Every structure is written in structure tokens, then in C-alpha cells.
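In: model this:
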Amino acid sequence: MEAANKVLEQLPARVDAALSGEAGNIRLAVVQAARSVQDAGMAEIRSSLAAHAETVRNGLSLDRDSPVQMLRRDVLAHLDASRKELSEQLTVVRGLLQVAEAQKVASAHNSRAVGADWEATANAIAHAVVTAAGDRYAATGSTSGPLGSARTGDGVAMLSSAITGHGKEVRVVIEAKRRSRVMSAQAFKKELQTSLHVRQAEGALALVPTMREVPGGGRWCRVDDLCWVVAADDQEAVSLIYLILRELVSLVAVQQAGGSDVDLGKAQAQIKMALAALAEFDEIARLTTDAQKTLTRLFEVGRNVKTKVHEALMGSLSTLQA
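Out: Presented below is the predicted three-dimensional model:
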């Protein structure tokens with residue numbers, strides 16, 4: 001634009017020079033002067049555009065130290081640093097995930113090992129209780145039920161025909177349950193009903209390690225008409241619950257078979273008395289536990305009092321001697 005302005009500024013002078021010359025044809029002289037001015041202006045404009053284009057190419061070139069090359073170098077350096085940082089963070093995260101997965105696998109193995117140990121213990125307790133009652137017992141945790149591939153139910157007690165009174169096999173399924181989080185009565189009921197269906201049994205008994213896992217805090221809990229939960233740390237309690245459950249199951253089996261020679265009313269009354277006595281026995285167990293806690297606390301208080309009295313006497317003796 002500057003070159004064009006200069007050309008236009010010089011145009012009047014050149015026109016005057018052409019008009020004052022000795023050209024024969026003023027019009028031709030004017031045309032020639034205008035053409036020469038135009039050519040000179042176009043040449044200067046092309047030169048300016050070429051110089052500007054060269055400047056822009058030099059500024060955008062990546063083959064020399066240009067602002068764009070410097071910016072590109074800075075961006076690449078920043079990206080490389082970010083990539084390295086992300087790679088290090090991903091390595092750390094990957095390591096944490098591997099550690100968490102290893103801990104999860106180890107925990108699962110430990111849980112399965114603990115569960116397998118408790119299942120073996122519960123099966124041993126159930127075998128002793130069932131056979132003492134004259135029934136047969138079979139561990140079924142590794143075998144599927146008669147209706148499919150499900151393996152719910154760690155053991156099955158087959159009641160003696162002497163108590164059922166007829167040839168149909170009556171079963172009580174045994175479940176070994178050990179959970180870090182205490183199950184509710186409804187959860188026990190649901191699982192035991194599933195075990196009844198899988199093992200085609202009439203009654204279900206869940207064995208848990210201690211009273212802490214029993215819903216309600218007692219030594220046993222009746223979660224359904226023929227489904228019970230009992231703490232297995234007292235084998236006598238397990239035996240008592242099993243005997244009552246087998247009586248209930250046998251009564252139901254006789255009712256379903258339509259036995260006319262059995263006084264069902266008398267049997268129901270006797271079972272009702274047994275259940276009432278069982279509730280009292282459970283109350284005794286609760287009171288015994290509370291009494292044990294109270295006695296333990298009394299012993300602790302007694303030891304503390306004895307220590308304080310001894311320290312006070314020794315302090316008084318030291319004062320008198322001084």
C-alpha cells in the first residue's frame with residue numbers, strides 16, 4: 001500500500017513532464033506515461049507482496065528458528081512431560097490395582113478356607129447329634145440336590161421310620177452358616193427355604209458358631225415353622241433343638257399321610273409344652289450369660305479396689321516412716 005501511494009503521488013509530475021515534452025501526440029504521451037506509472041506501481045506492489053510472503057514463510061517455517069518452531073518445540077516438550085507424568089501415574093495405579101486384586105484373591109481364599117473349616121466342624125456336630133437320636137446323617141455340601149445342580153444344604157438328616165411311623169423318608173437339611181456380618185431372621189428364612197426345596201426336606205436347621213450370629217441374641221431362633229437357627233458352641237442346645245424339630249417334622253409328615261392311629265392332639269400338646277420349656281431354657285441361657293458378664297466385671301472392680309487400697313497403704317506407710 002505504501003508503494004502504491006508513492007506511485008500515485010508521482011503521477012501528476014510525470015503527466016506534466018509528458019505534456020511539456022516534444023511528443024507529437026499528447027494523447028499518446030499521456031497513455032504512455034500512465035502505462036509506465038502503472039507498470040512501475042505494479043512492480044513495486046509485487047515486490048512488496050513477495051517480501052511480505054517471504055516474511056510470513058520465514059515466520060511459519062519449521063526449518064529455522066521461527067516463532068512457530070519455538071512454539072511447536074514448547075508444545076512438544078509440554079506434551080512429552082505430560083505423557084511421562086501420566087505414564088508414571090498409570091504405573092502407580094496399575095500397581096495399586098494389582099495389590100488390591102491380590103488382596104481380594106487372598107481374602108477370598110481365606111474366606112473360603114474359614115467357611116470350609118466351619119462346614120467341617122458343623123457337619124461333625126450335626127453327625128453326632130443326628131446319630132445320637134437314632135437317625136442317619138450324610139454330608140451333602142459337595143453334591144447336588146435331587147432336582148438339579150444346586151448344592152445348597154451342607155448335610156441331610158434322614159429320620160428313622162420309628163418316629164415317622166411310615167415308609168416315606170423324612171428329611172431335615174442342615175446348613176453351616178458363618179458370616180462376618182450377622183444375618184437377619186428374614187435372610188435365614190429365605191436361605192433355609194431354598195435349602196428345603198433343593199434337598200426335598202421337610203425341616204431345616206442352621207448351625208452358627210456362637211450366639212452372636214443368632215438373630216435376636218439368644219442361643220437359638222425359630223425363623224419359620226420348620227426352620228431354626230442355633231448356636232453350635234453348645235452341643236446340648238443343638239441336640240435339644242434337633243429333637244424338637246424332628247418331632248415337628250414327624251408330626252407334619254403324619255398329618256400329611258393321614259395317620260388315623262396317632263393322637264395328633266396329644267402330640268401337638270406335648271410339642272407345645274416342649275417349646276414352652278425351650279423358651280425358659282433360652283431365658284436361663286441369657287441370664288447365665290449376663291451373670292457371667294456381671295461376675296467378670298465384679299472381679300475387675302475387686303482387683304482395682306485391692307490395688308488402690310494397697311497403693312494408699314503403702315503411701316501412708318512411706319509418709320509415717322519419713
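In: how far away is residue 82 from residue 70?
Out: Shown here: residue 82 relative to residue 70, a distance of 19 Å by C-beta to C-beta, to the nearest Å. Using the backbone N, CA and C atoms, a C-beta is placed for each residue, glycine as well.
In: same check, this time on residue 188
Out: As for residue 188, its distance to residue 70 is 74 Å (criterion: C-beta to C-beta).
In: out of these two, which sits in the more crowded spot?
Out: Set side by side, residue 188 and residue 70 show unequal neighbour counts under other C-beta atoms under 10 Å, the larger going to residue 188 at 24 against 10.
In: what helix or strand is the more buried one on?
Out: In this structure, residue 188 sits in helix 185-199 according to DSSP states H and E.
In: how does this protein divide into domains?
Out: Here the domain parsing of the chain from automatic domain parsing is 2-60, 126-293.
In: rank those domains by mean pLDDT and give me the bottom one.
Out: Mean pLDDT is lowest for domain 2-60 among these, at a mean of 68.
In: What are the boundaries of the helices in the stretch 201-322 of the chain?
Out: Under the criterion DSSP state H, counting those that start in this stretch, the stretch 201-322 of the chain contains helices at 235-257, 264-321.
In: Buried residues in the shortest one, which are they?
Out: Pointing back at helix 235-257 there. Neighbour-count burial for helix 235-257, counted by 16 or more other C-beta atoms under 10 Å, picks out 237-242, 244-251, 253-254.
In: For that helix, name the packing helices and strands.
Out: If you count contacts as 3 or more C-beta pairs under 8 Å, 6 or more residues apart in numbering; DSSP states H and E, helix 235-257 packs onto helix 67-132, helix 161-164, strand 171-176, strand 203-208, strand 227-231, helix 264-321.
In: mind running it again at 10 Å?
Out: Applying 3 or more C-beta pairs under 10 Å, 6 or more residues apart in numbering; DSSP states H and E, one finds that helix 235-257 makes contact with helix 67-132, strand 155-158, helix 161-164, strand 171-176, strand 203-208, strand 220-224, strand 227-231, helix 264-321.
In: Can I get it in CSV? Just the C-alpha atoms.
Out: Below are the C-alpha coordinates for helix 235-257, written out as CSV (Å, rounded to 0.1, in the frame of the first residue of the first chain):
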residue,chain,number,x,y,z
GLN,A,235,-23.9,-79.2,71.5
GLU,A,236,-26.5,-79.9,74.1
ALA,A,237,-28.6,-77.0,72.8
VAL,A,238,-28.1,-78.2,69.3
SER,A,239,-29.3,-81.7,70.3
LEU,A,240,-32.4,-80.2,72.1
ILE,A,241,-33.4,-78.1,69.1
TYR,A,242,-32.9,-81.0,66.7
LEU,A,243,-35.1,-83.3,68.8
ILE,A,244,-37.9,-80.7,68.8
LEU,A,245,-37.5,-80.1,65.1
ARG,A,246,-37.7,-83.7,64.2
GLU,A,247,-40.8,-84.1,66.4
LEU,A,248,-42.4,-81.1,64.5
VAL,A,249,-41.4,-82.6,61.1
SER,A,250,-42.6,-86.0,62.0
LEU,A,251,-46.0,-84.6,63.2
VAL,A,252,-46.4,-82.8,59.8
ALA,A,253,-45.4,-86.0,57.9
VAL,A,254,-48.0,-88.0,59.9
GLN,A,255,-50.7,-85.3,59.2
GLN,A,256,-49.9,-85.3,55.5
ALA,A,257,-50.0,-89.1,55.4
